[in-house]
Structures are given as C-alpha cells and as structure tokens.
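[1] Turn this into a model:
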Amino acid sequence: MRFAWLLLAIPAFAIDADVCIYGGTSAGLTAAITVARAGRSVAWIAPEKHVGGMSVEGLGSSDINNHWFRNDHALGGLALDFYRRIGKAYGKQEPVYKFESKVAEAVIEAWLRESHVAPQREQTLIRVDKRGAQIRSIVTNRASFTCAQYIDATIEGDLLAMAGVRTVVGRETNREYNETRNGIRHTNTYRQFEVRVDPYKTPGDPKSGLIATIQDETLGEEGAADNRIQGFCFRLCLTKNADNRAPFAKPADFDRANYEIYLRYIAAGGKLWQPTANLPNGKTDMGSWHDLSLNLYGTNHAWPNATPQARAAILQFHRNFSEGLLWFLSNDPAVPESIRAQWRQWGLCADEFKDNGNWPRQLYVRDGRRMKSDFVLTEDHTRRINATPVEDPVAVAYWPPDVHHVRRIVRDGAVYNEGFVFGGEEWGPFGVAWRALLPRESEVTNLLTPTCPSATHIAYGAIRLEWTFMALGESAAMGSLLAMEAKKPLQQVDYNLLRARLLKEGQVIALNLPTPKSTDAPQR
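    Presented below is the predicted three-dimensional model:
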C-alpha cells in the first residue's frame with residue numbers, strides 16, 4: 001500500500017520552461033502573456049480550472065473611474081489592453097470597465113490562444129526543490145517544472161511559503177512601521193451597524209450565548225497586531241431577466257438560526273441591502289459593502305495557511321450560508337413582504353458559471369500571505385501629502401487603503417463590526433516598488449511575486465485591485481526576463497533597464513496628478 005502511494009505521488013510529466021508562474025490570477029495572466037510575447041517559454045500553472053482572476057468570477061466592476069476621482073491615468077500596458085479587448089467584445093472602440101464574467105472569460109481565453117499560452121489547469125503545488133537560494137524545480141500533483149525563473153501569482157502566497165520566503169498574515173501593530181490605521185481598530189464608523197442589534201440568543205442575556213455570525217472575542221488593545229484578515233464574499237451575479245433567471249434554491253443543510261441577525265436588524269429599523277443592476281444586460285456585481293451583507297467576518301482567518309482541502313471547506317461554508325441567505329430573504333415569512341417581494345424578482349444568471357450551478361467558483365479572497373522583505377511598503381507611501389517617495393516604481397496603485405472588517409463581536413452589549421479602513425483625505429496614488437516584489441536574496445534568488453508584495457496590511461489594501469495586479473504581473477515577468485538575460489539574481493536586476501523596458505511597453509509607473517479631495521467614501 002505504501003509503495004502504491006509513492007507511485008501516485010510521482011508526477012507523470014516533467015516540463016522545462018524559461019519562466020514558471022504559479023497562480024491563475026489576473027497577475028498570472030499578464031505575466032504569462034509577457035513571457036510568451038518575448039519569445040520565451042512559459043509554464044503557467046493554475047490551481048484553478050478557470051483562469052484570469054476575479055474578472056471571470058463575478059467581479060465585473062473594475063473600480064476604474066467609478067467614483068469622485070478618475071484613476072484610468074494609472075492604466076497602461078497589458079492591463080489597458082485587457083479593458084480595450086473587453087470594449088471590442090461589446091462593440092466599443094474605447095476601454096470598457098464594467099462587464100459580464102462570461103465575456104471576460106471569453107476575451108481571456110481568446111487572448112491566451114493568440115499568445116500561444118496554454119495554462120496547466122487544476123494543479124496543486126506539493127513540493128519546492130531548492131539548491132541553496134535557488135529554486136531548481138517545483139512539483140505539483142500532476143507534473144514537475146524545471147525553470148530558470150519562478151513567479152508566485154497566487155493571492156495566498158503558497159509558492160513563497162513553500163520556498164522558505166518570510167511571509168506574514170494579518171495586521172501589524174501600528175508601532176512597527178509608525179502607522180495610524182493598522183492593528184485593532186477602536187474607532188470604526190465606516191460600514192458600522194446603523195441600528196443597535198442585540199447579540200444574544202435570549203435578548204439581553206449574555207449567558208444564553210451569541211447568535212450566528214458573531215465571534216465571542218474581546219475588542220483588544222487599540223493598534224495591536226493580530227492574525228485576522230478581512231472578510232471574504234462571493235461577487236454575486238444576479239438578474240431580473242425572466243429568460244435568464246435561475247431561482248434561488250434552499251440548501252439541503254439550511255439552518256434558519258443562521259439568519260437571526262437579519263431579522264433583528266430589520267426589527268431595529270435597519271434597511272437591508274438590495275441588488276442593483278450595475279453590469280451590462282441587467283446583471284449585478286454585488287461586492288458586499290453593507291454593514292450586514294454577505295461578508296462573513298471572522299470565519300476565514302485560517303484561509304492563507306490552510307490546506308487545499310481546508311480552503312474548500314471554508315469556501316463551501318460561505319456558499320451554503322450565502323445561498324441560504326438568498327432563499328431566506330426571498331421566502332421566509334418572518335421577513336417583511338416588501339423585502340421578500342423585492343428579492344423574488346431576482347435570481348442567479350443562468351448563462352454564468354454553468355459548470356457550478358450558476359454560482360461563482362471562487363471566493364473573493366481579499367487577503368492572504370504578504371511577503372516581508374528588506375523593503376516594505378507602508379501607510380506612509382500611500383499618503384497624499386508628504387509621502388515617502390518610491391524610488392523604483394513598476395506600477396501605480398491608485399486606490400485608497402481598503403480593508404474590510406475582520407470580525408463581528410459584541411461591544412457595549414450590541415453587535416459591532418471591527419476592522420474597516422477606507423477613504424479619508426490622507427491617501428494618494430503611489431508607485432509600487434520593484435523591491436516590494438523581491439524576497440531577500442538570502443532566501444531565494446529566482447522567485448518574485450506581483451500579488452503578495454512586501455507591504456503592510458494597510459498599504460496592501462490600496463494595491464489589491466485586479467487591474468493593479470495585472471500591471472504588477474507584467475512588471476514581474478519583465479524583471480524575470482531581465483534576470484535571465486543578465487544571468488543574475490533577481491535582486492541584482494538593473495532597475496533603470498527594467499524601467500526603460502516597461503515604459504516601452506506602455507506601462508504606467510508614475511503619476512504627477514493631485515488626488516481630488518472628497519469626504520465621500522467609495523465602495524468596494
């Protein structure tokens with residue numbers, strides 16, 4: 001039996017390539033295309049079946065020019081090419097920033113065929129082989145890959161961790177990098193409960209225990225570090241179109257007690273969120289910004305370091321809860337008829353995610369591991385005034401530090417969301433440093449990451465957009481190609497040469513535009 005297991009553990013194929021990319025994200029997409037266009041061989045390995053990131057999983061609103069500021073100035077290179085291709089798919093001459101997932105996937109698959117990139121799909125990393133500080137090969141459940149350069153394009157940082165690169169999960173203390181909005185938050189007004197909701201199973205009785213979705217935790221010391229990460233959700237794609245509407249189904253394991261908090265919220269005078277058709281053809285991209293939405297705060301903290309099986313269980317928990325909530329709001333007699341009538345108009349889109357019951361295949365994972373290298377992007381780099389300049393930018397992050405609540409607890413006898421940081425007047429566009437993509441040279445010399453940069457919890461919150469990842473994926477691949485040409489460690493790549501290559505490809509790496517002030521907080 002043991003011998004049989006060993007045979008199964010030996011990969012069936014050995015693949016050699018110039019650059020190996022692990023992760024089916026938007027950054028993995030642009031990295032793979034960059035390598036292929038340079039005439040180099042690329043092995044793009046994706047744990048996912050459907051590649052391209054959240055654009056193919058319900059996130060059809062790209063956070064470009066959709067608030068009080070215009071941030072399309074930061075778009076260039078392959079990121080801009082992607083949105084132009086989306087535009088062409090809708091018969092437009094200009095870039096389009098709101099789109100259907102099925103359209104995004106069709107555009108991406110055509111782009112890959114045009115670029116002669118064939119992703120190695122549904123492969124899970126199981127081993128990294130190193131010699132000193134150099135990766136020699138990586139092994140998945142199906143193949144081994146021997147390459148000159150490696151790119152970790154996962155949100156979770158799985159290749160980084162397995163290669164021995166130092167990573168961190170959660171929030172740093174404010175003291176560590178002289179920040180003001182990191183760590184445990186004692187002041188949380190953004191997306192905070194608009195009404196007072198009793199948290200106890202027997203109202204007013206702490207001994208009766210807590211109702212579902214609330215964690216039994218104390219608030220903790222203000223600004224203190226912890227391992228908590230921001231909440232996840234599905235980017236729900238719904239429609240009112242009767243010809244394309246799949247009805248909400250009641251899950252087999254439906255537990256009405258899970259939704260008690262919604263009834264209490266309504267009874268206290270709270271106004272629940274409602275779907276809005278904000279994408280082409282009457283579809284939604286529901287990102288869960290409401291104080292009581294589909295973000296299940298506090299239930300996902302194990303995700304970054306979890307096994308694939310444990311992540312699958314977390315995903316299934318979120319799906320069961322979310323499907324149950326849609327059915328509950330549409331059908332439960334305790335929900336006011338005015339609310340039920342609104343929700344009964346909606347259903348899942350029958351033409352989306354056909355291989356998964358019209359449900360997105362991936363959670364919107366807003367947080368994973370972050371690399372901690374010799375250089376760290378911090379809150380100070382994100383400031384609008386007197387920011388610390390970035391000397392080696394390879395992309396521009398044009399979004400406020402944006403981190404959702406990390407948990408739901410009891411404070412002063414009522415339900416309380418803790419952790420959201422967003423908006424304000426402090427932020428401005430900033431350059432994402434080349435050094436932030438590089439591990440320490442003593443750890444590994446032929447691996448870098450566009451998706452898990454060396455950044456604090458707060459700074460990462462301004463970077464984590466799909467189009468920013470696209471820009472960083474292209475830059476990471478370009479740096480890998482230069483390291484190959486020079487036969488040097490990535491840490492010794494000539495930044496001036498990298499900068500020239502990126503500018504030649506139309507990449508935007510710096511802006512001199514002021515950020516318009518506003519007290520309005522955008523939603524993500």
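[2] is it fair to say residue 312 lies in a strand?
    No - Residue 312 sits outside any strand when classified using DSSP: H, G, I helix; E, B strand; the rest coil, being helix.
[3] What is the burial count for it?
    The local packing of residue 312 (other CB atoms under 10 Å) involves 11 other residues. The way it works is simple: take the backbone N, C-alpha and C, and place the C-beta from them, glycine included.
[4] Could you tell me how far it is located from residue 299?
    From residue 312 over to residue 299 the distance is 14 Å, taken as CB to CB, to the nearest Å.
[5] In what element of secondary structure is the residue nearest in space to the middle of the chain found?
    The centre of the chain sits closest to residue 366, judged by CA atoms, centre = their mean, with a distance of 3.8 Å. Using DSSP states H and E, residue 366 sits within no helix or strand.
[6] Find the nearest non-adjacent residue to it, please.
    residue 230 (4.9 Å; CB to CB, 6 or more residues apart in numbering).
[7] Could you check how many residues crowd around that neighbour?
    25.
[8] Wasn't it part of a strand?
    No - per three-state DSSP, residue 230 lies outside any strand segment and is coil.
[9] residues touching it, list them.
    Neighbouring residues of residue 230 by CB atoms under 8 Å, 6 or more residues apart in numbering: 366, 367, 403, 404, 405, 406, 419, 461.
[10] returning to what we had before: okay, the residue nearest to the centre of the chain: pLDDT?
    Here the pLDDT value assigned to residue 366 is 96.
[11] Next one: it relative to residue 427, how far apart?
    To residue 427, residue 366 is 18 Å away according to CB to CB.
[12] Next, give phi and psi for the nearest residue in space to residue 173 that is not next to it in sequence.
    Nearest residue to residue 173, sequence neighbours excluded (CB to CB, 6+ apart): residue 225, at 4.1 Å. Main-chain dihedrals, residue 225, degrees, to the nearest 10: phi -80, psi 150.
[13] Over to residue 272?
    Dihedral angles for residue 272 - degrees, to the nearest 10 - are phi -70, psi 160.
[14] list the contacts for it?
    Contacts of residue 272 by CB under 8 Å, 6+ apart are 262, 265, 266, 290, 292, 329, 339.
[15] Cross-reference the residues you listed with the helices and report the matches.
    Judged by DSSP state H, the contacts of residue 272 include 262, 265, 266, 329, 339 as members of helices.
[16] Check those against residue 44 and report the nearest one.
    Using CB to CB, residue 329 is the member of the ones in helices among the contacts of residue 272 that sits closest to residue 44, with 39.8 Å.
[17] Just give the nearest non-adjacent residue to residue 255, would you?
    The shortest distance from residue 255 to any non-neighbouring residue, by CB to CB, 6+ apart, is to residue 324 (7.2 Å).
[18] before we move on, which element is that neighbour in?
    Counting by DSSP H and E, residue 324 is part of helix 308-331.
[19] what does residue 459 give?
    Using DSSP H and E, residue 459 falls in helix 457-463.
[20] Identify all contacting residues around that helix.
    Here helix 457-463 has contacts from 170-172, 179, 181-182, 230, 367, 370, 376-379, 381-382, 397, 399-403, 421, 427, 430, 432, 453, 455, 472, using CB under 8 Å, 6+ apart.
[21] Please pick the buried ones from the residues you listed.
    The neighbour-count test (16 or more other CB atoms under 10 Å) marks 170-172, 179, 181-182, 230, 367, 370, 376-379, 381-382, 397, 399-403, 421, 427, 430, 432, 453, 455, 472 as buried among these.
[22] residue ranges with poor pLDDT in this protein?
    For the chain, applying pLDDT under 70 flags the ranges 1-12, 513-524.
[23] try it again with 90
    1-13, 66-69, 286-289, 293-294, 423-425, 511-524 (pLDDT under 90).
[24] Can you show me the helices along it?
    With DSSP H as the criterion, the chain has helices spanning 2-9, 26-37, 77-89, 101-115, 158-162, 260-267, 308-331, 337-344, 457-463, 466-486, 495-504.
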